[in-house]
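[1] okay, sequence plus prediction incoming.
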Amino acid sequence: MALTNTDLLLVQRGQTPMKAEASVVAAYIKGEVDASDIAIASPSQLGVIRVGQNLSIDPGSGVLDAILPAGLEYQGVWIQANTPPTNLQNGYFWIWDGGDGVTLNNALWGTANGETVNDGDKLFYDGTTFDVVPVADSGIQSITGLLPIVVDNTDASHPEVTINEATDTTPGAMSAADKSKLDTISAGAEANVAQNLSYNSADNRVEIDGGGTNATIPIATTALDGLLSSADKQVLDNLISSPGGVLSVVSGDGIDFDLSNALDLEGAQLPRRQIINNYCYWKYRGKGCRYNGGVCADANNVKFDKTGLQDKGEWAESTQYNMGDVVYLWTYEGEAKRAIMYVCTKPHTSTKSLRPSVNSENWSMDACSKTLKGCRLRFGDKATLPFGGFPSSRLY
């Protein structure tokens, strides 16, 4: 039952018990307790917090709001580490294009002075100083694809996108030989059936002779050169050749991208990193984790039997693997790379379709459960653990 102001309460002053209305007791408490009686909050201490920049409290409801700056406007690329932009307005930003590992070196950069920048990083000006937002804070969030595009989401943070090779019954990636054939076709050329032409399937030549018949050139297959099908054309339209010989996938029929960048504030949370007591944020075997030992356990903390384990190095196709063989695959994160290790659970000869990252029947991935138990399995019960969660935030 809730108290009302007129309810009588039993209180004690010194050694004397007394009766007092609830409103009198409430007024006394409000007058005696102030902010100085409550500790300031810290990582290990519950307490009060003070409102800083870009935050406000509604005096009526007590709701804490974040004030996000508006009016962001792209100003182009910037390459001069020793000279900041001079035409400055609140909300202006530039993209760094002066190389990787460059240090900003001018007091006019404000709080960003001395920071290291890489190509693609954003340089924001908030009306007072500059702020660097690394390119790693934006990018592809998730990828889905339809055949012949295959998306491997075993590692959700670094999905692998591959394109199956074309066959005589299914569409797919074009061979180098097929591409060479395409390059010989002049722009604007028409595919017409003419008299006195014949097709030699032995060496894929169209021959002109005096008494030839109409030539019918077949659709290209993996075994026979020929014309490009409309399905293969769709796949080609979704491929672009980037500098350095890198093949990239662009949005089109058969593949969808879900993209975001540093300016996308929809769904953003403050603080940026959530405080969770029982989950580790670090990437397994990554920078924060620091574990670089042998295989230990799967994602459910089931330990591998280390008797009979054989290190076979990097996984390769057309190789006989037996139970207990240990291999690794590289996953790339910008210019850095991280090894993902697997233990063979069934003897087999490897093929592309039996790649460890897409075949859990023959392989078990060495993975962390992201819990304190998973951390202790690798570093020991008495070690200083690099756990990426916040166990002390749990209520006791």
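    Good, I have the coordinates.
[2] which element is F124 on?
    Taking DSSP states H and E as the criterion, the element that holds F124 is strand 122-125.
[3] distance from that strand to the middle of the chain?
    Distance, stretch centre to chain centre, for strand 122-125: 22 Å (CA atoms, centre = their mean, to the nearest Å).
[4] quick check: mean pLDDT across stretch 99-119?
    Average pLDDT, stretch 99-119: 93.
[5] can you pull the buried residues of that stretch?
    Buried residues in stretch 99-119, defined by neighbour count with 16 or more other CB atoms under 10 Å: 102, 104, 109, 112, 115, 117-118. Heads up, the C-betas are built off the backbone N, CA and C, glycines and all.
[6] what do you get for stretch 358-367?
    Neighbour count says stretch 358-367 has 359, 362-367 buried, by 16+ other CB under 10 Å.
[7] before we move on, the earlier item: I'd like the next helix or strand past the strand holding F124.
    With secondary structure assigned by DSSP H and E, strand 122-125 is succeeded by strand 130-133.
[8] now do that next one, average pLDDT.
    90.
[9] in the stretch 251-396 of the chain, what spans have low per-residue confidence?
    251-273, 395-396 (pLDDT under 70).
[10] average pLDDT for the helix or strand where K181 lies?
    Taking DSSP H and E as the criterion, K181 maps to helix 176-183. The average pLDDT for helix 176-183 rounds to 83.
[11] now do it: everything it contacts.
    Helix 176-183 has contacts (CB atoms under 8 Å, 6 or more residues apart in numbering) with 174, 220, 225, 228.
[12] okay, and which of those residues map to helices?
    Among the contacts of helix 176-183, no member falls in helices (DSSP state H).
[13] one step back: could you list the buried residues of the helix holding K181?
    Going by 16+ other CB under 10 Å, helix 176-183 has these buried residues: 178, 181.
[14] so what's the gap between that helix and the chain middle?
    35 Å.
[15] beta partners of Y125?
    In this entry, Y125 is beta-bridged to F130, by DSSP bridges.
[16] so what's it up against?
    By CB under 8 Å, 6+ apart, the neighbours of Y125 are 85, 88-93, 131.
[17] would JSON lines of the residues you listed with secondary structure, distance to I29 and neighbour count be doable?
    Compiled in JSON lines, those are given as follows (DSSP: H, G, I helix; E, B strand; the rest coil; distance: CB to CB, whole Å; neighbours: other CB atoms under 10 Å):
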{"residue": "P85", "secondary structure": "coil", "distance to I29": "56", "neighbour count": "17"}
{"residue": "L88", "secondary structure": "coil", "distance to I29": "52", "neighbour count": "14"}
{"residue": "Q89", "secondary structure": "coil", "distance to I29": "51", "neighbour count": "10"}
{"residue": "N90", "secondary structure": "coil", "distance to I29": "45", "neighbour count": "14"}
{"residue": "G91", "secondary structure": "coil", "distance to I29": "47", "neighbour count": "15"}
{"residue": "Y92", "secondary structure": "strand", "distance to I29": "51", "neighbour count": "19"}
{"residue": "F93", "secondary structure": "strand", "distance to I29": "50", "neighbour count": "21"}
{"residue": "D131", "secondary structure": "strand", "distance to I29": "44", "neighbour count": "16"}
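[18] kind regards, and thank you for your time.
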